[in-house]
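>>> Okay, sequence plus prediction incoming.
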Amino acid sequence: MSTEATPFFDDPNAALREIAQNPAAYAHYLADFNRVVLDMQAKLEILQREARVHCRGTRVEGDKWGQAFLRSFPVENSLNDVLKNLKSVTAGLEKSAHKRHAHEEKVKEVKKSRKEKEQLKARKNNPSLQAAPENPGRPGVQSPNPGYGGPTSIYNLDRRESA
């Protein structure tokens, strides 16, 4: 069965597969989720504040000092947990986008390093012939760096020891 025969919308994961393959689309998609989560977080923070004011202010006849405050703790703690989880979700979404970009950079780097290693290996296996440096041996002219290659007499050994 060829892929052209089936419509695109038959595969519900096709769009997400395309997004996962492109780091820019991946970051954009996660940014959309991040906006939604941040909006939800902002609204829940307002709800938390209003619920805290209402619950702490609800007093029953015969309450002692601090009983309304203690009754409001479970409500406040539940929203605090939700907000803490939402903050970790936003941090995770941002981290995931950065990790996806880093993965793409690492793949490019690995391709480049493998290509360089392959070129080095090819050079090592097939070294190109290099011409010897030309040293015009003019008699009587001393080179600035007298080495073992030039003709020298035994009387012109400078600081070398004779054999």
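Received it, and whenever you're ready, just let me know what you need.

>>> all strands for the protein, in order.
Using DSSP state E, no strands are found in the chain.

>>> What's the mean pLDDT across the longest helix seen in the chain?
As assigned by DSSP state H, the longest helix anywhere in the chain is helix 67-125. Across helix 67-125, pLDDT averages out at 90.

>>> What are the buried residues along stretch 85-97?
Buried positions in stretch 85-97, judged by neighbour count with 16 or more other Cβ atoms under 10 Å: L86, V89, T90, L93, A97. Placement of C-beta: from N, CA and C, glycine included.

>>> Could you single out the nearest of those residues to T58?
The closest of the buried residues of stretch 85-97 to T58 turns out to be L86 (Cβ to Cβ; 26.2 Å).

>>> residue contacts, the closest one?
V37, M40, Q41, L44 (Cβ atoms under 8 Å, 6 or more residues apart in numbering).

>>> Please report how far R114 lies from K121.
10 Å (Cβ to Cβ, to the nearest Å).

>>> L79 reaches R49, doesn't it?
No - proximity of L79 to R49 does not meet the contact threshold set by Cβ atoms under 8 Å, at 9.4 Å.

>>> Who has more neighbours out of these two?
L79 (16 against 12; other Cβ atoms under 10 Å).

>>> Let me know how buried E118 is, in neighbour terms.
10.

>>> Just give me the residue closest to the centre of the chain.
A102 (2.5 Å; Cα atoms, centre = their mean).

>>> Next up, the contacts around that one.
Contacts of A102 (Cβ under 8 Å, 6+ apart): none.

>>> ok, N34 - contacts?
N34 neighbours (Cβ under 8 Å, 6+ apart): T90, L93, E94.

>>> How much space separates the last one from N34?
Think E94. Counting by Cβ to Cβ, the gap from E94 to N34 is 7 Å.

>>> Isn't V75 up against A51?
Yes - contact criterion Cβ under 8 Å: V75 and A51 qualify, at 5.7 Å.

>>> List the residues that contact the spatially closest residue to A25 that is not a sequence neighbour.
Of all residues not flanking A25 in the chain, I19 sits nearest, at 4.7 Å (Cβ to Cβ, 6 or more residues apart in numbering). Under the criterion of Cβ under 8 Å, 6+ apart, the neighbours of I19 are A25, Y26, Y29.
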